[in-house]
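Enquirer: Build me a structure from this.
(chains A, B, C and D)
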There are 2 protein chains.
Amino acid sequence: MPVTPTSPDSDPPIGRTGSYSKGVARRQEILDRALDVFRERGPEGTSLRRVAEEIGVSHGALLHYFRSREQLLLALYEHTETHRSELRDDDGAENEGAVERLIAAASVNVQMPGFVQLYSTLVAGALEEGSGETKGFFTRRFENVRKQTAERFRRQQEEGSVRTDLDADMVAALIVAASDGLQTQWLLEPSIDLEGTLGMLEELFRA
Amino acid sequence: MPVTPTSPDSDPPIGRTGSYSKGVARRQEILDRALDVFRERGPEGTSLRRVAEEIGVSHGALLHYFRSREQLLLALYEHTETHRSELRDDDGAENEGAVERLIAAASVNVQMPGFVQLYSTLVAGALEEGSGETKGFFTRRFENVRKQTAERFRRQQEEGSVRTDLDADMVAALIVAASDGLQTQWLLEPSIDLEGTLGMLEELFRA
DNA sequence: GTCTATACTCGGATAGAC
DNA sequence: GTCTATCCGAGTATAGAC
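Expert: Coordinates of the predicted model:
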């Protein structure tokens, strides 16, 4: 279900005026090594304490930089998402259609089921009450992806390649929903034809 | 995202030949009281130990009947789903269209966000490796709902009310995905027009 | 089979040292 | 701000009493 990234989401931490350097660098360092651990053992069964021990940091110290396990997983998700473009040829992505773009993202995801699984876990966490951080993250993310998808669709409407009697914002929500939902079903039943079904949706929009 | 129930999923426990009575009854009794606790406090922050204490059973005993917290939540989900029909007028459900049916289910869900949240949590759990029980449950469930939806769509195709150049099975997966995905988005952004967007999808299928 | 007792690791919160 | 030490309640596994 993870959906195409949109902006780098560069988030220079909140503490303004001054000593960026020290703390952020340390955090980065810890994160980098934590990512290695996840790469080896998978996020699935890897506890915070295990990660901490493996990278030579105390449990408490790790928690000092990542307020919760969810935050660490979120950082893992962000990192993976950012560096995912390497798997994909981004030529002409500018002129892709709305559905086309999501199909491309889904195709990459099919090669990394663990990423889809992580996404699903985090989204479920975001839906839980009082999940401020994660909730905000995915609310923004969905919003961004929807907006970007709607823009693409509107451009296609202007081109005349797509039905003009449809509300682009609703279409965007629908496309994103279909992409996410199909990836969930595909994880449980790999015989689901992810690309084919999204292709059919694309066809339904054609003028 | 929880999708329309399909069969009562009557699951007379596995132990054949003989003493059904005792253990199952006790389990039912415990479950019934656990449901009350969840009703009061919500499943969200209610621990196994809390539930156990509240219903006058030891922590260990509770675990004896429900092998894990996930299993207990799954039982809660099943129960809620089964008794949900009370919220809904089931007149003429037999002749409903494929999308129409899912819209009806979604409309009920909108009135019980906690149920959608629970569904999302359980599905995410099902996607995790080695989650035998929950995984099997939702794999079957998706399969059933897809099959039922495909049947409805095929009937509509025979009626001529819907495009006949579409593969009903793919359409079914798409409808279910859209419904689930939109409910997720709606939980994070209540301004999402759940019924409206699904209605648009319905319109796309029309002959 | 039903259940108690115990122990283990987990995520997280706290207090305080530096 | 960075981190150690400690403590808590959580989910779960196990052994064994009845």
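
Enquirer: Close to DNA strand C: what parts of chain A are there?
Expert: Residues of chain A lying close to DNA strand C by CB under 7 Å from any atom of the strand are A:S47, A:L48, A:R49, A:R50, A:H59, A:G60, A:L63, A:R67, A:S68, A:R69, A:E70. Heads up, the C-betas are built off the backbone N, CA and C, glycines and all.

Enquirer: tell me the pLDDT at the first one?
Expert: To tie it back to what came earlier, the one meant is A:S47. Looking at A:S47, its pLDDT reads 98.

Enquirer: now A:E53
Expert: 97.

Enquirer: ok, now how distant is it from chain B?
Expert: Remark: distance between A:E53 and chain B (CB to the nearest CB, to the nearest Å) = 22 Å.

Enquirer: burial count for that residue?
Expert: 14 (other CB atoms under 10 Å in any protein chain shown).

Enquirer: again with the one 4 residues further on
Expert: Around A:V57 sit 19 other residues, with neighbours defined as other CB under 10 Å.

Enquirer: Three-state assignment for it, please.
Expert: What DSSP: H, G, I helix; E, B strand; the rest coil gives for A:V57 is coil.

Enquirer: what's near enough to touch it?
Expert: Residues in contact with A:V57 (CB atoms under 8 Å, 6 or more residues apart in numbering or on different chains) are A:I30.

Enquirer: For the helix ranked longest in chain A, what does the pLDDT average out to?
Expert: Identified as the longest helix of chain A according to DSSP state H is helix A:132-159. Averaged across helix A:132-159, the pLDDT comes to 97.

Enquirer: now swap in stretch A:196-203 and tell me
Expert: Throughout stretch A:196-203, pLDDT has a mean value of 98.

Enquirer: Show me how far that stretch is from its chain's centre.
Expert: Centroid displacement of stretch A:196-203 relative to its chain, using CA atoms, centre = their mean, to the nearest Å, is 22 Å.

Enquirer: Now the element after the worst-scoring helix or strand of chain A on mean pLDDT, going C-ward?
Expert: The weakest-scoring helix or strand in chain A, judged by mean pLDDT, DSSP states H and E, is helix A:21-41 (a mean of 94). Next along the chain after helix A:21-41, taking DSSP states H and E as the criterion, comes helix A:48-54.

Enquirer: pLDDT value on A:S85, please?
Expert: A:S85 carries a pLDDT score of 79 in this model.

Enquirer: same thing with A:P13?
Expert: The model's pLDDT for A:P13 equals 45.

Enquirer: ok, back up a step: how about the longest helix of chain A: buried residues?
Expert: By neighbour count on 16 or more other CB atoms under 10 Å in any protein chain shown, the buried set for helix A:132-159 is A:134-135, A:137-138, A:141-142, A:144-146, A:148-150, A:152-157.

Enquirer: which among those residues are in contact with chain B?
Expert: Restricting these to those near chain B by CB under 8 Å from any CB of the partner chain leaves A:K135, A:F138, A:F142, A:R146.

Enquirer: Out of the residues you listed, the closest to B:H79 would be?
Expert: Set against B:H79, the nearest of those by CB to CB is A:K135 (27.4 Å).

Enquirer: distance of that closest one from DNA strand D?
Expert: Plainly put, A:K135 is 21 Å away from DNA strand D if you go by CB to the nearest atom of the strand, to the nearest Å.

Enquirer: With adjacent residues omitted, what lies nearest to that residue?
Expert: A:A126 (4.6 Å; CB to CB, 6 or more residues apart in numbering or on different chains).

Enquirer: now swap in A:L48 and tell me
Expert: According to CB to CB, 6+ apart, the nearest residue to A:L48 is A:R69 (5.1 Å).

Enquirer: what does chain A put close to DNA strand D?
Expert: Near DNA strand D, when you scan chain A using CB under 7 Å from any atom of the strand, you find A:G15, A:K22, A:G23, A:R26, A:V57, A:S58, A:H59, A:G60, A:A61, A:H64, A:Y65.

Enquirer: Of those residues, which pair is most distant in space?
Expert: Across those (CB to CB), the longest gap, 24.1 Å, separates A:G15 and A:H59.

Enquirer: Could you report the separation of the closest residue to A:G97 other than its chain neighbours from DNA strand C?
Expert: Excluding the flanking residues, the one nearest A:G97 by CB to CB, 6+ apart is A:Q156, at 5.4 Å. As for A:Q156, its distance to DNA strand C is 43 Å (criterion: CB to the nearest atom of the strand).

Enquirer: same question, A:R88
Expert: 31 Å.

Enquirer: Hmm, A:A104 and that residue touching each other?
Expert: Yes. Contact criterion CB atoms under 8 Å: A:R88 and A:A104 qualify, at 6.5 Å.

Enquirer: coming back round to it: ok, so of the residues of chain A next to DNA strand C, who is nearest DNA strand D?
Expert: Distance to DNA strand D across the residues of chain A next to DNA strand C (CB to the nearest atom of the strand) is lowest for A:G60, with 2.8 Å.

Enquirer: Let's verify the closest one: helix, strand, or coil?
Expert: Classification of A:G60 using three-state DSSP returns helix.

Enquirer: before we move on, back to that, closest one to chain B out of the residues of chain A next to DNA strand C, please.
Expert: Of all those, chain B sits closest to A:E70, with 12.5 Å by CB to the nearest CB.

Enquirer: Now for the closest one: which residues touch it?
Expert: The neighbours of A:E70, taking CB under 8 Å, 6+ apart as the test, are A:L122, A:G125, A:S131, A:E133, A:T134.

Enquirer: if we can go back for a sec, A:R88 and A:A104 - which one has more neighbours?
Expert: Taking other CB under 10 Å, A:R88 and A:A104 do not tie; A:A104 has more neighbours (18 against 14).

Enquirer: What residues of the helix or strand hosting that one count as buried?
Expert: Assigned by DSSP H and E, A:A104 belongs to helix A:98-110. For helix A:98-110, the neighbour count (16+ other CB under 10 Å) marks A:A98, A:V99, A:E100, A:R101, A:L102, A:I103, A:A104, A:A105, A:A106, A:V108, A:N109 as buried.

Enquirer: Thanks again, I'm all set now.
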